[in-house]
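1. Just to be clear, the model below is a prediction. Sequence and coordinates:
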Amino acid sequence: MAICPQCPDQVDSSEEDTMKVYSPLTLEKLARQRLLREEALAISALKDLPNILFPVMFEEAFTNGHTKVLTAMIPVWPYPYLSVGRMIKNLNLETLKAVLEGLDILIAQKVRSSRCKLREIIWRNRYHDVFGICTRSYGGLPRFMTQKQPVQNSPGCGVKKEFKVTTQLELMMGRLDESATYLLQWAQQRKDSIHLCCRKLKIQGLAKATVIEIFNVLHADCVRDLELLRLRIEDLAFLNPYLRQLNNLLHLTLNHITDTLSDSEISQLPTFQCLKSISVTTVSFICGNLKRFFRCLKKPLDSLSITDCVLSQSDLDFLPYCLNIFELKSLKLAYISLCYLHLEPLRFFLDRVGHSLEYLELKTCGIQDSQINILLPAISQCFHLRAVSFCDNDFSLLFLKELLHHTAQLSQLEREIYPAPLECYERGVIHTHRLENFCPELLDILRAKRKPKEVTFETTRCSKCTGYYIYDLETQSCIFEI
């Protein structure tokens with residue numbers, strides 16, 4: 001690990017710009033605040049409130065805890081969707097209760113306001129904006145919608161439900177937070193009219209009773225994103241019957257599962273019909289078992305990320321022969337020691353995915369000159385690459401130049417991260433002046449073929465302060481980063 005000769009001092013607070021510019025409140029905002037101070041008046045004014053003001057009025061009431069106004073707005077909400085994201089203030093149990101109480105009023109009404117078009121409430125969903133009316137597209141950009149549309153329930157959910165509540169659930173240390181617990185209980189009591197949809201499910205630590213409760217209420221077909229972390233073998237065995245119900249799962253993340261699985265236990269992992277991306281971080285059973293692990297795939301992956309794991313030579317040897325990863329758009333191998341492995345299989349694999357690959361990260365893999373030289377012909381044929389990262393590998397100046405001659409041919413690259421050459425270090429000390437001398441010549445290699453957009457060269461991190469130096473295309477100088 002390279003260390004800088006002297007870690008930079010902290011920036012003196014006296015040098016910081018502490019001036020803040022405050023914009024005066026607009027007349028409209030002042031009117032909203034005054035109206036909300038008198039809740040009875042605000043509620044009575046809802047019938048005459050223009051549709052376009054509903055989202056900003058809702059946010060104001062939500063942020064400032066005007067729960068009675070929130071409740072009154074739900075039965076007259078003039079759009080099909082109401083999305084309450086993570087960033088909004090006061091995202092707590094009381095505001096949740098106020099919103100659900102408004103939905104209860106709407107459900108109980110025999111004659112509803114012709115103005116109300118509400119069909120779905122999106123609560124605490126990272127795939128949508130701070131608040132507002134969103135499209136149905138998963139992960140899509142929010143936009144206003146004014147057309148009334150029917151609720152699309154998940155396959156197998158049984159009776160067609162009148163309203164849909166979409167959320168994400170996090171089981172942390174075996175517990176749900178109070179808002180999630182309340183929402184589950186509320187939805188269970190109204191299961192004939194409410195479709196509770198969980199797009200993302202995160203399980204850290206396991207409480208069997210809570211998992212059973214979750215799957216008794218939500219519809220497993222709704223889950224698109226599953227994250228499992230810090231679990232044991234017996235936890236995975238318990239979860240397997242529930243995981244098999246996730247027929248529409250798109251994204252699977254495994255994080256810090258350090259137990260070793262036997263061949264029979266790996267073969268018991270569920271098969272996912274629609275999985276598009278896998279992210280694996282600090283998972284012990286991957287080593288030597290990549291072939292068995294990929295048996296869970298039924299369709300080609302779009303994205304594969306393996307971080308802080310041990311891979312064997314047999315794992316690399318298998319990659320070019322795995323049929324379900326030949327359509328990859330994103331490949332990330334990070335914090336994996338490859339320096340003692342033969343990389344010819346990785347080269348063959350890059351040859352196979354060169355027609356589709358858009359993002360390639362080989363970070364902190366200890367790749368040396370002779371190894372990167374093996375990969376260069378394949379990398380130069382990945383013509384659809386938009387971003388690459390090779391930082392924190394052991395390349396000399398000569399072979400770094402060779403790499404740049406090959407990436408210079410990739411005209412679609414928008415972001416490039418390269419390691420500082422080994423010549424920038426001496427006895428563990430980073431010589432930033434050497435990096436500043438090398439980089440103009442390195443950038444000229446790219447400029448000879450195309451106009452680079454975003455390029456950085458990064459040193460390894462200092463073992464004392466964990467900072468590092470970067471040289472980028474914009475500043476064209478070495479900057480210390482933490």
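-> Done, it's in.
2. pLDDT-wise, which helix or strand of this structure ranks last?
-> strand 131-132 (a mean of 39; mean pLDDT, DSSP states H and E).
3. Skip ahead from it and say which helix or strand is next.
-> Using DSSP states H and E, the next helix or strand after strand 131-132 towards the C-terminus is strand 163-172.
4. so what secondary structure elements neighbour the helix or strand that comes right after that following strand?
-> Next in sequence after strand 163-172, counting helices and strands by DSSP H and E, comes helix 178-189. With contacts taken as 3 or more Cβ pairs under 8 Å, 6 or more residues apart in numbering; DSSP states H and E, helix 178-189 sits against helix 93-108, strand 163-172, strand 194-204, helix 208-217. C-betas here are computed from N, CA, C, even on glycine.
5. so can I have TSV of those showing distance to Thr475?
-> Shown next, in TSV, are these (distance: least, Cβ to Cβ, whole Å):
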stretch	distance to Thr475
helix 93-108	44
strand 163-172	39
strand 194-204	38
helix 208-217	49
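6. So for His355, which of these sits nearest?
-> When the helices and strands packed on helix 178-189 are compared by Cβ to Cβ, strand 194-204 sits nearest His355, at 31.0 Å.
7. Kindly export the closest one (C-alpha atoms) in PDB.
-> Extracted C-alpha coordinates of strand 194-204, given in PDB (Å, rounded to 0.1, in the frame of the first residue of the first chain):
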ATOM      1  CA  ILE A 194     -55.900  -3.500  -0.600                       C
ATOM      2  CA  HIS A 195     -53.100  -5.000  -2.700                       C
ATOM      3  CA  LEU A 196     -49.800  -4.500  -0.700                       C
ATOM      4  CA  CYS A 197     -47.000  -4.600  -3.200                       C
ATOM      5  CA  CYS A 198     -43.300  -4.800  -2.000                       C
ATOM      6  CA  ARG A 199     -40.900  -3.900  -4.800                       C
ATOM      7  CA  LYS A 200     -37.700  -4.300  -2.700                       C
ATOM      8  CA  LEU A 201     -37.200  -6.700   0.200                       C
ATOM      9  CA  LYS A 202     -34.100  -6.400   2.400                       C
ATOM     10  CA  ILE A 203     -33.300  -9.100   5.000                       C
ATOM     11  CA  GLN A 204     -30.400  -8.600   7.400                       C
END
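8. Can you tell me the strand partners of that strand and which way each runs?
-> Strand 194-204 pairs in its sheet with strand 163-172 (parallel), strand 225-229 (parallel), by DSSP bridges.
9. okay, the angle between it and helix 93-108?
-> 150 degrees (axes from the mean of the first three to the mean of the last three Cα atoms, to 10 degrees).
10. these two touch, right, Phe351 and Ala378?
-> Just to correct that, residue 351 is Asp rather than Phe. Yes: using Cβ atoms under 8 Å, Asp351 is in contact with Ala378, at 4.9 Å.
11. Between the two, tell me which one has more neighbours.
-> Neighbours were counted for Asp351 and for Ala378 using other Cβ atoms under 10 Å; Ala378 has more, 20 against 15.
12. Show the model's pLDDT score for the nearest residue to His195 once chain neighbours are set aside.
-> Once flanking residues are discounted, His195 sits nearest to Lys161: 3.7 Å by Cβ to Cβ, 6 or more residues apart in numbering. Here the pLDDT value assigned to Lys161 is 76.
13. quick one: Lys161 and Ala187 touch, right?
-> No: between Lys161 and Ala187 there is no contact under Cβ under 8 Å: 10.1 Å.
14. Find residues that contact each of these two.
-> Ile194 (Cβ atoms under 8 Å, 6 or more residues apart in numbering).
15. ok, which stretches of the stretch 201-350 of the chain are helices?
-> 208-217, 233-243, 263-267, 290-293, 313-318, 344-353 (DSSP state H, counting those that start in this stretch).
16. which stretch in those helices has the least confidence?
-> helix 263-267 - the lowest mean pLDDT of those, at a mean of 77.
17. Which elements pack onto that helix?
-> Checking 3+ Cβ pairs under 8 Å, 6+ apart, helix 263-267 ends up next to helix 233-243, helix 290-293.
18. Try it again at 7 Å.
-> Contact partners of helix 263-267 among helices and strands, from 3 or more Cβ pairs under 7 Å, 6 or more residues apart in numbering; DSSP states H and E: helix 290-293.
19. contacts for the helix it packs on?
-> 263, 266-267, 286, 315, 318 (Cβ atoms under 7 Å, 6 or more residues apart in numbering).
20. Going by neighbour count, which residues of that helix are buried?
-> Neighbour-count burial for helix 290-293 flags 290, 292-293 (criterion: 16 or more other Cβ atoms under 10 Å).
21. ok, of these, which one's closest to Gln168?
-> Phe293 (25.6 Å).
22. returning to that earlier point: including distance to Ala209 and mean neighbour count, could the strands paired with strand 194-204 go into a markdown table?
-> Below are these laid out as a markdown table (distance: least, Cβ to Cβ, whole Å; neighbours: other Cβ atoms under 10 Å):
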| stretch | distance to Ala209 | mean neighbour count |
| --- | --- | --- |
| strand 163-172 | 11 | 20 |
| strand 225-229 | 18 | 19 |
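23. List the residues that contact the nearest residue to Glu327 once chain neighbours are set aside.
-> Distances taken as Cβ to Cβ, 6+ apart put Pro300 closest to Glu327, at 3.9 Å, once the chain neighbours are dropped. By Cβ under 7 Å, 6+ apart, the residues touching Pro300 are 324-327.
24. out of those, who's nearest Lys464?
-> Distances from Lys464 to those, taken by Cβ to Cβ, are shortest for Ile325, at 40.0 Å.
25. Contacts only, for the nearest residue to that closest one once chain neighbours are set aside.
-> Sequence neighbours aside, Leu301 is the residue nearest to Ile325 in space, at 5.1 Å (criterion: Cβ to Cβ, 6+ apart). Going by Cβ under 7 Å, 6+ apart, Leu301 touches 275-278, 324-325, 328.
26. Please parse the protein into its domains.
-> As assigned by automatic domain parsing, the chain contains the domains 26-132, 167-249, 355-482.
27. for those domains, which one sits closest to His342?
-> The nearest among the domains of the chain, by Cβ to Cβ, is domain 355-482 at 8.4 Å.
28. what's the span of the closest one, first residue to last?
-> 36 Å (Cα to Cα, to the nearest Å).
29. Tell me how far it lies from the chain's centre.
-> Relative to the centre of its chain, domain 355-482 is centred 25 Å away, using Cα atoms, centre = their mean, to the nearest Å.
30. show me the contacts for Glu162.
-> Taking Cβ under 7 Å, 6+ apart, one finds 107, 193 in contact with Glu162.
31. I meant to write Gly102 there.
-> 70-75.
32. now do Phe326
-> By Cβ under 7 Å, 6+ apart, the neighbours of Phe326 are 300, 352-353.
33. Would you check which pair of the contacts of helix 290-293 lies furthest apart?
-> Ser267 and Asp315 (16.9 Å).
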